[in-house]
Structures are given as structure tokens and as C-alpha cells.
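coords below, sequence missing:
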């Protein structure tokens, strides 16, 4: 009877492992949860990214969308055996900004907190134009030579 008992434990372990891997695959196919917030000068996209480190995160901005890929690894714990591998290891997220968003994606930044929150800040452009700041009293060459011609 001992053989039958061992077989039962082995079969239960195999079933748990298969179920766990299935749960992990479902999690990998489900997009990451996120919030999109807006201020006067930027958009902030906040993703839940539990269990990742900075080197595990890839962030891109493509055609109005913040795209995130997280590749996380399982820690091994000495003296413990994996029974239910239920956490997905590769997670993806996509957050579309509003259609009228005019942003400077090259100046975007991403921050990962200790508790697994990924914050991606994408600054807005200043009304779509460059602003030139000059010292008070500085002369400008605006290309208008009309006044100089009248003095000759």
C-alpha cells in the first residue's frame, strides 16, 4: 500500500504543477492593470509590477501608447520545493494616451518603487512650439531690416 500512497502524492503534485503553470500562462496573457493621470504639463501612467527589478523592465512609447514588458524571475528558497508555479514570468501592459495628447516622448522617465509600482511620466510639449528665453535687454535678430533701410 505504501506504493499506492506515494503514487497518489506524485499524481497530486503533477496536477498542482500543471494547474499552477496554467494559472501563470493566463496571468501572462492578461494585460497589466494601469491608471492614466494628467497634469498641466505631463501624463503619468501607473502600472502594477509586483516582483520585478529595474533590469526586468522595458518601457517604450509607440504611436500614442506607453508599452511595458516585465520579465521577472522566481527566487529560489533553500529547503523549499516548487509546488504551485502560479505567477506569470513575462507580463505586458499597454496604456493609450488621449488622442489629442501632444507629448515629448524623448523626455519620458520611468520609476520603479520598492513595492512594485511602475510610474511612467511623459511630459507634454509646450503648445507644440519651442520657447526661447532671453536675458532682459538682449537684442534679437528677427530678420526685419526695414528700419535700417529707412535710416540710410
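Yep, that arrived. Fair warning: this is a prediction, and the values are worked out from it, not measured in the lab.

and residue 60, what are its bridge partners?
residue 67 (DSSP bridges).

Determine the number of other residues adjacent to it.
13 (other CB atoms under 10 Å). The way it works is simple: take the backbone N, C-alpha and C, and place the C-beta from them, glycine included.

what does residue 43 give?
Neighbours of residue 43 using other CB under 10 Å come to 20.

For it, list the residues it contacts.
Contacts of residue 43 were listed using CB atoms under 8 Å, 6 or more residues apart in numbering, and they are 36, 37, 97, 101, 103, 121, 122, 124.

Quick check: residue 118 touching residue 111?
Yes: Residue 118 is within contact range of residue 111, at 7.4 Å (criterion: CB atoms under 8 Å).

more neighbours, those two?
Between residue 118 and residue 111, counting by other CB under 10 Å, residue 118 is the more crowded of the two (24 against 10).

can you give me phi and psi for that one?
phi -100, psi 120 (degrees, to the nearest 10).

Please report phi then psi for residue 107.
phi -100, psi 10.

Might one say that it is in contact with residue 120?
No: contact criterion CB under 8 Å: residue 107 and residue 120 do not qualify, at 11.9 Å.

Which element, helix or strand, includes the closest residue to residue 42 other than its chain neighbours?
Excluding the flanking residues, the one nearest residue 42 by CB to CB, 6 or more residues apart in numbering is residue 123, at 4.6 Å. Per DSSP states H and E, residue 123 falls inside strand 117-123.

what about the helices in this structure?
2-29, 146-151 (DSSP state H).

The last one - what's its average pLDDT?
What it means is helix 146-151. In this model, helix 146-151 has an average pLDDT of 46.

What of stretch 62-82?
pLDDT averaged over stretch 62-82 gives 84.

buried residues in it?
Residues of stretch 62-82 classed as buried: 66, 67, 68, 70, 72 (neighbour count, 16 or more other CB atoms under 10 Å).
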